[in-house]
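Fold the following and give me the result.
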Amino acid sequence: MSDAGLSRDTDDALVKGGDIARGRLRRTAPLAALSARTAGEAAVVGLRGKLTGADSTEFHVRTAERYTELLGRSKGALMKAGQMLSFVSAGPAVPDEFHSIYREALARLRDEAPPMAPALARAVLEHELGRRTEAAFAEFDWEPLAAASIGQVHAARLRDGRAVAVKIQYPGVAEAIRADLKNTQLLATFLTLLGGLYTRRLNADVRVAARDIGARIVEELDYRLEAATQAKFAAQYRGHPFIHVPEVVGELCTGRVLTQELRRGRAWSEAVGAEGSLRNQWAEVIWRFVYGSHEQLGMINADPHPGNYLFHDDGSVSFLDFGCVQRFPRERIEMAKAIMQAGLRGDVLGTWRACVEAGYWRSSDPVSPEEVFTWWHEPLRYLWAEQPFTFTPEYAASWIEHRFSPTGPSANALRYLTMQNDCMAWTRIEVTLASLIAELHASNDWAAILAECRRDAPGIPSLL
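Model (predicted):
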């Protein structure tokens, strides 16, 4: 079967009840309309609340459902972007009591993707491998373990007895996503949806953010690139007592098929309800993996939602899905390290100079060294405050507001901040990580963990 044949057969498999909307106007107009509608309703609800004390829960439930329905119906890059942002704390955009409404609604973008029919999955697999399924695998379960926006995962067994997970990309999804990303306005409009929740607007270049997210999504389409990247992570952490990265079976990987060691464990929904000591261990492992990989490999998963994690009863965590990985030049890592070290030792002028050298502010900007220091220092509270320190959703929301609220305590520093491309990517990763650890309500001696990391490998981890 040809690639073209697979692509023509894909629409019914990807979208039930109709084709993916085509054309720039047809794709962008519903997003723009929802953004404008939400902004108007937010202003009315806000005013009514101030005047009468009316409850706004219904507005937020309705808005979250609208977002989820539209992104799920849009498919392509929009659905993937919604998945990437589904675990980010809403921070200052949404009152604390409504954060869970948005997270739970957007989480359905990951959990409710319709799977391919077995016949279609087999056709893609055999076309990619160039042989019958029975020739490559001793056993193959056509009921998928998971189905997401780009592909689905099946359990199988190799002829040498190894249990493996086989990820098969939906036919036609690459074409749909690339078509979306040619429409430069589409993702930018999507990112303004969150702005519709504000009665005031953030000063942010959404086009830069859209390009960054778009670049990561395109990389996810090439499973060969993902396999090579995952192999580097697996080599780095091979034998580690608490961090597990599945080994890749290279001979059974193609552009649209990825075969790797099968890992089983607790899902996120189970992990958040586990006993406190386990949640503390898992949070520490995730933290070490994110920041340690940034320092040691110059790479980190740019889509760190917990659907990519499996949790084990010995306190270890398995990390899955390396299609969306951000790479950081060594000089940027060193600059980040200098900022963090100056901030943690309370060096106001040192933090300021390091930030100017990194290009985040200019020395001529009307921003004081104290304002810049506070912008970096306050979100590192969990490292310098009294230990042990507990991450809570309230702390994560205040952390994000401190960094990004246009009327918050760092408003002036934020106003003149120049967001480098790698900084924008790292910010998304860091915000998501803080939100995840907060959901675990993890309590650890984070300062001691940092000190241990520095003894093992000086400078690890760097926080940006």
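
who's Asn301 bridged to?
Per DSSP bridges, the residues bridged to Asn301 are Val325.

can you pull the pLDDT of it?
If you check Asn301, the pLDDT there is 82.

Just to check, it is in contact with Leu320?
No: here Asn301 does not reach Leu320: they are 9.2 Å apart, not a contact under C-beta atoms under 8 Å. To be clear about C-beta, it is placed using only N, CA and C from the backbone, and glycine gets the same treatment.

Common neighbours of these two, please.
Here Asn301 and Leu320 have Asn308 as joint contacts, going by C-beta atoms under 8 Å, 6 or more residues apart in numbering.

Between the two, which is the more surrounded one?
The residue with more neighbours, out of Asn301 and Leu320, is Asn301; 24 against 20, by other C-beta atoms under 10 Å.

quick one, what contacts the more buried one?
Val290, Ser293, Asn308, Phe319, Asp321, Phe322, Cys324, Val325, Gln326, Ile429 are the contacts of Asn301 under C-beta under 8 Å, 6+ apart.

any idea which of these has the most stuff around it?
Phe322 (29 neighbours).

Check the spacing between that residue and Arg266 real quick.
21 Å (C-beta to C-beta, to the nearest Å).

residues in contact with the nearest residue to Thr229 once chain neighbours are set aside?
Nearest residue to Thr229 in three dimensions, chain neighbours excluded: Phe322, at 4.7 Å (C-beta to C-beta, 6 or more residues apart in numbering). Counting by C-beta under 8 Å, 6+ apart, Phe322 touches Glu226, Thr229, Gln230, Phe233, Val245, Asn301.

and if you look at Val317?
Phe242, Ile243, His244, Gly265, Trp282, Val285, Ile286, Phe289, Tyr309, Leu310, Phe311 are the contacts of Val317 under C-beta under 8 Å, 6+ apart.

Tally up the residues packed near the second one, please.
The burial count assigned to Ile243 is 20, neighbours taken as other C-beta under 10 Å.

Equivalent analysis for the first one, please.
By the measure other C-beta under 10 Å, the count of residues near Phe242 is 16.

Tell me how this structure divides into domains.
3-111+184-201, 265-464 (automatic domain parsing).

Between those domains, which has the poorest mean confidence score?
Taking the mean pLDDT of the domains of the chain, domain 3-111+184-201 comes last: a mean of 49.

distance of the closest residue to Asp303 other than its chain neighbours from Asp222?
Nearest residue to Asp303 in three dimensions, chain neighbours excluded: Cys324, at 4.0 Å (C-beta to C-beta, 6+ apart). Distance of Cys324 to Asp222, given as C-beta to C-beta: 11 Å.

just Val153 next, same as before
Per C-beta to C-beta, Val153 is found 17 Å from Asp222.

before we move on, what about Arg178?
Distance, Arg178 to Asp222, by C-beta to C-beta: 12 Å.

do Gln341 as well
Distance of Gln341 to Asp222, given as C-beta to C-beta: 37 Å.

Output the strand or helix carrying Ser398 as CSV, nothing but the C-alphas.
In this assignment (DSSP states H and E), Ser398 forms part of helix 393-404. These are the backbone C-alpha positions of helix 393-404, laid out as CSV (Å, rounded to 0.1, in the frame of the first residue of the first chain):
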residue,chain,number,x,y,z
PRO,A,393,-1.4,24.1,43.9
GLU,A,394,-1.6,27.4,45.7
TYR,A,395,2.2,27.8,45.7
ALA,A,396,2.4,26.9,42.0
ALA,A,397,-0.3,29.4,41.1
SER,A,398,1.4,32.2,43.2
TRP,A,399,4.8,31.3,41.6
ILE,A,400,3.3,31.6,38.1
GLU,A,401,1.6,34.8,39.0
HIS,A,402,4.8,36.3,40.3
ARG,A,403,6.6,35.5,37.1
PHE,A,404,3.9,36.3,34.5
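
and after it, which helix or strand comes next?
Downstream of helix 393-404, the next assigned helix or strand under DSSP H and E is helix 411-416.

The helix or strand following that next one vs helix 393-404, what angle?
The helix or strand immediately downstream of helix 411-416 is helix 421-439, counting by DSSP H and E. Interaxial angle of helix 421-439 relative to helix 393-404 (axes from the mean of the first three to the mean of the last three C-alpha atoms, to 10 degrees): 160 degrees.

tell me which residues in helix 421-439 are buried?
Neighbour-count burial for helix 421-439, with 16 or more other C-beta atoms under 10 Å as criterion, is recorded at 422-439.

Tell me the helices and strands packed up against it.
Packed against helix 421-439 by the contact rule (3 or more C-beta pairs under 8 Å, 6 or more residues apart in numbering; DSSP states H and E) you find helix 206-220, helix 276-296, strand 325-327, helix 393-404.

circling back to that earlier point, among the contacts of Val317, which one lies nearest to Ala413?
Proximity of those to Ala413 (C-beta to C-beta) peaks at Ile286, which lies at 28.4 Å.

quick revisit: wait, which of the contacts of Asn301 is closest to Ala397?
Closest approach to Ala397 among the contacts of Asn301 (C-beta to C-beta): Ile429, at 17.5 Å.
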